[in-house]
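Q: Here is a sequence together with a model predicted from it:
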Amino acid sequence: MPPLLRRAVITGFLGGAAGIHVSLVGMVEDFQGRDTIADIVSVGTMLPILIAIVVGWSAGSRMRAPLIDPTPRESLLFGTLAGAVTGALMALFALFINTVDVAWILSNAKPSLADLLWLDQGPVVGSLLLIIGGALFGAVGAVLHVLPGLISRSLAIGGAVTIVVALMEPFLGAVLRNVGLRFLEGFLYASGGLTLPGFILVFALVAGGVYLWRTRGHGTKERVEAMPADRRRIGKIVLYLAFIGLLLLLPQIVGSRLSEVVGTIGLYVLLGLGLNIVVGFAGLLDLGYVAFYAVGAYTTAVLTSPASPLISPELPFWGALPFVIVAAAMIGLMVGTPVLRLRGDYLAIVTLGFGEIARLIFLSEWAKPIVGGAQGILSIPPPLPFTNHPQVIYYPILFFCILAAIAASRLAASRVGRAWNAMREDESVAEATGVNTTKYKLLAFGLGAAFGCLSGAFFAAKIGTIFPNSFEILVSINALALIILGGMGNIYGVVVGAFVLVGLPELLREFAEYRLLIYGVVLVVMMLLRPEGLLPSRSRRAELHEDQGDDEAMYEHEAGVDTGRPVVTG
Amino acid sequence: MQKYMRWSAILVVLMLVLAACQGGGGSSAGESAGESEPAASQPEASEGGGGGTGSAADCEADEFGCIELAEGDPLVIGTALVISGANEALGTDSQWGVEVAAQFRPEIAGHEVEFNHQDDGCSAEGGTAAARALVSEENIAAVIGTSCSGAGVPAAEITSAEGILMVSPSNTAPSLTAPETHEPFYARTAHNDNIQGAAMAQFACEVLGVGSAATIDDGSPYADQLANVFARQFEEQCDGTVTAEEAVTVGQTDFSGVLENIAADSPELLYFPIFVAEGALITQQAKDTAGLEDTILAGADGYFTPDWLEATGDAAEGHYLSGPDLAFSGNFYEDEFLPAYREISGQDEPISVFHAHAFDAYNMIADAIEAVAFTDGGTTYIPRTALRDAFFSTSGYEGVTGTLTCDENGDCADAKISVSQVQDVDGELQFVRVWPEG
Amino acid sequence: MPGRPPRLNLVNLFLWLLGGGILVLAGVGAFLTLSQGRLSGDQWESLIVAGIALGSVYALIALGYTLVYGILFMINFAHGEVFMWGAFTAYFAATALDDAGMMDANPILALFLTLLTAMLVSMVIAIILERVAYRPLRGAPRLVPLITAIGASLFLQYTARGFYGSGVRAYPSYGGLFEGTIDIGPLTMPIEDAVVVVAALALMLALYFFINNTRTGRAMRAVSEDKDVAAMMGINVDRIIVTTFAIGGLLAGAAGILYTLLFNQVHFFMGFLPGIKAFTAAVLGGIGNIIGAALGGLTLGILEQLGPNLFLTGYNIPAPNQLKDVLAFTVLVLVLIFRPSGFLGRKENV
């Protein structure tokens, strides 16, 4: 078989497998209730369509081994073919579940699913439709290779953004209402998705915008660069001020629900910044970071809540904060000391153990007289008088996030940061050159604990009630995943990572049972496509792409040029 | 045919967009394909209005204002139940209960009911997020939720601050309706743990006549509280001895350690009000533990489900379970509720125990809304504080879960708890109601 | 290198005090408990038996972690889910056989068939996992495959949830094959437990033999020593890595069915906890070492059952068994303080 044909068939099969997977898991059926384009395409129907497009796109793309650049005709042909294979597999699958009863194993494999895939047209017409539809959407994907690069890129970005805008209906709709653009909401959104005119408008705007920026944007950039230095500085300051103003007004713009989400993102930014010190700077793999979060939350709760079992002076939130920091230092040393001599994965499992120990002790009957056991601690007072409304509590969280970010970036650039760097690269060498690794390891744990406890303190004050089950291992995993996804060692990366891994799932809460499934897929796919993270620190990226020519990496590093070109390994 | 039209519409649109043409043709095709029925099912405006007699002044007088529904607007009820994660059966079951109720009563005060389903995640942060999401929607009439008490505490605070009535079908923690911690707009149709724990203790000494008992909880607030209440009541009411109060962790599968420790004192009764997975395993393993062969096993509504019965198998025989007393709900539950539930859920049997509570919550909310809603110029107004007051003054409501009367702290459940035993009926294990008699 | 710098001694002193303190506390606790005489000799015995059975399952899962770690130096976080898929497969195979009447008519053949299907499916999943999630990332910093492993773990877990539903399913019984008890040396064991222990032992011996006495086994050891040199010696490194994952998958599938034999239920979340425990066992025994994994598994299993009752009851701590995992992890920390590479770990891995 010619290699291109072979690949097309294989890609088609993989696409078919993916389509069958989303059907069997139940997403196709469960997401029928919400539309991407009002009354035309539901979110459930969109999934197989997207799969076919991706399949067509990859079957028509350039082949790496053996190196073949398909002609436009070949791209189109094999893309269509691959899409058709995907459609045919789905048709076979529908036929299978319609005739054989496997619902006792696969709970979603019911004839109703087959009918849905066949678009209620019965086996013959339905199967044909699936194959033709697969081929058509495969062709749509392949067309991206045929069109000039710029146009196809604009179209692809436009499509992706438009779908996200459609999925974000409950939130963007609320934002539009909040800023007084109710008519726009009515025009854009209906039945949980975009209206058809809205869809076309958003798509056209985004795709057109991307196209224009790519063709004309260069000129703008040059003009900015050509400006005299003082004017550029003024421009920069204006931009900064605008950014700060946006940050300050954010809760008012986005409304109370999104403020809640932003607050949660803020807590995870704090967690991420702290964990970044331990893992990203010092290279100590900590899987039990939740222990610090829990200690911070419980210290705050015990000291401030009138409902806490232990009789205490009931400090206000800000009065308790110094004690939280002290507790953080103590817990940091307690976790840090026993693991001083452990490296790599031994460290990982021991810290994971510490995380579990913390949660179990807070849960236990034994510690119940102090921390309330399974009943948790209620009535924790808010940090600002009378309210823990998300639009208000946002400000102290923002303040501490900024403070923490500044502290972290200062640390990274300082002598301490360089010592951590040396320790991370090679511990023995660092020790031999006179770095006191004991001191710096404990310092990393102590600082990491301080950030984690701070985040925990705000968590307690924000929710007002804490239970041990808020401190499960998933928090540690979330924090670790967000710093790696964002780009380890990079402070902006933490923010981006927190937005993607904490913010988006919060926004997609109604996809409840599929959230973690999607989360898992995102983690795998992101790591495969961009192992260095979304916003890698420069040295990391250089490390990861050594094989692509050190000279280039060195050049980029020295000149400080960020080409912004996506780097794909594989 | 309609689907086919949509399909072709998508194709047309995509082709057009790709060809960088104008999308007008596609748009009209899509619209004509999509919209046909809604107008027909609109309620007649004159029907609406409900029984309230009010005026615009009432809305101004009401601290939290009115819910305003224009003619033809849907009435939105939010739910905040656990529909993902380890406890999802609990919340999904309640959500189906609500949907069954809406099937019987699709309109309230002349407006079609729409739902906004949120996930309480069975945690404090999940409850906060769900409640925030709901209160930020305009015109949420009321909230049914939460599933878990841990989520209920912060959620009740948030909804009460906005003046939105929230009724939980399955929160059982006493603190939620204790006078000092009760949030003004929070009520529940589920029974307080204090009632169920005490009922089991009473059953244990009065009917079973046991003098010693041990408890196991799983670290969830629900089980911890119930086991605790049982133990205290068993000591007080019955003068019994509590030999051990043990705890296990969720996800644990081998309970030898706990069971051997309890077996050291050979208690006459072992009470473990936990959930299905661990409940089934403890039941099986207790049967094989020396010293517990003759111990009576008992649990609560956390695993009072066919799921548990199936997972436990023969070891379940003789087990006692407490739960809401559904005996007097007459034939409605068997003849009408369950068939509708089966249809909506696709399950043969209810997957958890609070669907009936959710059903009652929906209907009580609907009654309260209709009692206070009034119409003025085609618009329906529902004053929020009045709605809350109307709900809290519910008295003698004949629901599926009994006769419900709300007290000033929001406890509405019928205080009747029944105990069932797993018995062999014609070669098949079934739950048979044994107490109270009649 | 000239002796350790003096400042480290302070740390060492602290660690020794910490370790010693915990040991003394444990000793006193055990003494107090035993002098209370709460549990009888028979009860201690059945705790140990239950611990051995549970520990054997942990050990089997731990082997998967250890094998992969020995070769790739990565934590295959998704291994617990491979185990869960094995258990689910066994459940469906057993249910089908039960419907066909085979479980009662010919339980041994039925057991063999379920075992075979479970092991095969787990193997296939492990191989796919390697191909999709790990192979493209070979050579990336070690945290990257860790994150894909976590992602793959969530994916497998929630795929099972979507495919099979979220309820707890009851595993059918093998027609009374495993009822009753048997005396092995001084211990009286339920036959179920004995079967699990014997099966686990047999599989571990087979693996040990395979690693040490076959061509592929030697190749695996060579790859674990040095991939580049192994490749120069003409060993197909990719193939060896796939083989390793396949063997790990086979063992996880077997562990899955043994686990359901003991506990009679399957559930989509069931892989998580045993996965973490087995990983702990692997580290405890010295990661990368097969006998160490067995040792670690048994230690952990027995400790979980025996520990709270032995060490904590004496202090009258309420609900001591709630703290069993605290105890397990404390022991892990303790062992690693004194032996930073576990019971039998290689020094280089430290």
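A: Nice, I can see it.

Q: use CA for all of it now, contacts and neighbours both
A: OK.

Q: what about the residue lying closest to C:L32 once chain neighbours are set aside, distance to C:S35?
A: Residue nearest to C:L32 in three dimensions, not counting chain neighbours: C:G314, with 4.6 Å by Cα to Cα, 6 or more residues apart in numbering or on different chains. For C:G314, the distance to C:S35 equals 8 Å [Cα to Cα, to the nearest Å].

Q: Which one's more surrounded, these two?
A: The residue with the greater number of neighbours, taking C:G314 and C:S35 and applying other Cα atoms under 10 Å in any protein chain shown, is C:G314; the counts read 22 against 10.

Q: Could you say which helix or strand holds the closest residue to chain C within the stretch 301-438 of chain B?
A: Taking Cα to the nearest Cα as the measure, the stretch 301-438 of chain B has B:A311 as its residue closest to chain C, at 4.2 Å. For B:A311, the host element (DSSP states H and E) is helix B:306-312.

Q: what is the mean pLDDT for that helix?
A: Confidence over helix B:306-312 (mean pLDDT, whole number) is 85.

Q: who are the neighbours of it, in terms of helices and strands?
A: Based on contacts counted as 3 or more Cα pairs under 8 Å, 6 or more residues apart in numbering or on different chains; DSSP states H and E, the elements that helix B:306-312 packs against are helix B:276-287, strand C:169-170.

Q: Next secondary structure element downstream of it?
A: strand B:320-324.

Q: list the buried ones in that following strand?
A: Judged by neighbour count (16 or more other Cα atoms under 10 Å in any protein chain shown), strand B:320-324 contains these buried residues: B:Y320, B:L321, B:S322, B:G323, B:P324.

Q: before we move on, could you check phi and psi at the residue nearest in space to the middle of chain B?
A: Among the residues of chain B, B:P169 comes closest to the average C-alpha position under Cα atoms, centre = their mean, at 3.2 Å. Here the main-chain torsion angles of B:P169 (degrees, to the nearest 10) amount to phi -90, psi -10.

Q: didn't it look like it was pressed against B:V353?
A: No - using Cα atoms under 8 Å, B:P169 is not in contact with B:V353, being 9.9 Å away.

Q: Number of residues surrounding whatever residue of the stretch 51-200 of chain C ends up closest to chain B?
A: Taking Cα to the nearest Cα as the measure, the stretch 51-200 of chain C has C:A170 as its residue closest to chain B, at 4.2 Å. Summarising burial for C:A170: neighbours were counted as other Cα under 10 Å, giving 23.

Q: Please report how far it lies from C:A94.
A: 11 Å.

Q: Alpha carbons of stretch B:137-153, in CSV - could you do that?
A: Extracted in CSV, the C-alpha atoms of stretch B:137-153 (Å, rounded to 0.1, in the frame of the first residue of the first chain):
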residue,chain,number,x,y,z
GLU,B,137,-28.8,33.9,37.1
GLU,B,138,-31.6,36.3,37.1
ASN,B,139,-35.0,35.1,38.1
ILE,B,140,-34.1,31.8,39.7
ALA,B,141,-37.3,31.2,41.6
ALA,B,142,-36.0,28.7,44.1
VAL,B,143,-33.2,26.2,44.4
ILE,B,144,-33.5,22.5,45.2
GLY,B,145,-30.3,21.3,46.8
THR,B,146,-27.9,20.5,48.0
SER,B,147,-27.3,16.8,48.2
CYS,B,148,-24.5,16.8,50.8
SER,B,149,-24.6,18.7,54.0
GLY,B,150,-21.1,19.8,53.6
ALA,B,151,-22.1,21.6,50.4
GLY,B,152,-25.3,22.8,52.0
VAL,B,153,-23.7,25.0,54.7
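
Q: any idea of the mean pLDDT in it?
A: Summarised as a single mean, pLDDT over stretch B:137-153 is 88.

Q: cool, and stretch A:515-530?
A: Stretch A:515-530 carries an average pLDDT of 87.

Q: Output it in PDB with nothing but the alpha carbons.
A: Coordinates of each C-alpha in stretch A:515-530 appear next as PDB, following Å, rounded to 0.1, in the frame of the first residue of the first chain:
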ATOM      1  CA  ARG A 515     -15.000  17.100  33.400                       C
ATOM      2  CA  LEU A 516     -12.300  14.900  34.700                       C
ATOM      3  CA  LEU A 517     -12.300  12.800  31.500                       C
ATOM      4  CA  ILE A 518     -11.700  15.900  29.500                       C
ATOM      5  CA  TYR A 519      -9.200  17.100  32.000                       C
ATOM      6  CA  GLY A 520      -7.200  13.800  31.600                       C
ATOM      7  CA  VAL A 521      -7.300  14.100  27.800                       C
ATOM      8  CA  VAL A 522      -6.100  17.700  27.900                       C
ATOM      9  CA  LEU A 523      -3.200  16.800  30.200                       C
ATOM     10  CA  VAL A 524      -2.000  14.000  27.900                       C
ATOM     11  CA  VAL A 525      -2.500  16.000  24.600                       C
ATOM     12  CA  MET A 526      -0.900  19.100  26.000                       C
ATOM     13  CA  MET A 527       2.100  17.200  27.200                       C
ATOM     14  CA  LEU A 528       2.500  15.500  23.900                       C
ATOM     15  CA  LEU A 529       2.200  18.600  21.800                       C
ATOM     16  CA  ARG A 530       4.000  21.100  24.100                       C
END
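
Q: right, is that stretch up against chain B?
A: No - Stretch A:515-530 lies apart from chain B when judged by Cα under 8 Å from any Cα of the partner chain; the minimum separation is 8.8 Å.

Q: And that stretch, what's buried?
A: Applying 16+ other Cα under 10 Å to stretch A:515-530 flags A:515-530 as buried.

Q: Looking at the residues you listed, spot the one nearest B:N409.
A: Looking at these and their distance to B:N409, the nearest is A:R515, at 36.1 Å (Cα to Cα).

Q: which SSE is that closest one in?
A: Secondary structure from DSSP H and E places A:R515 in helix A:515-529.

Q: any idea how far that helix is from the chain center?
A: Mean C-alpha position of helix A:515-529 versus that of the full chain (Cα atoms, centre = their mean, to the nearest Å) differs by 9 Å.
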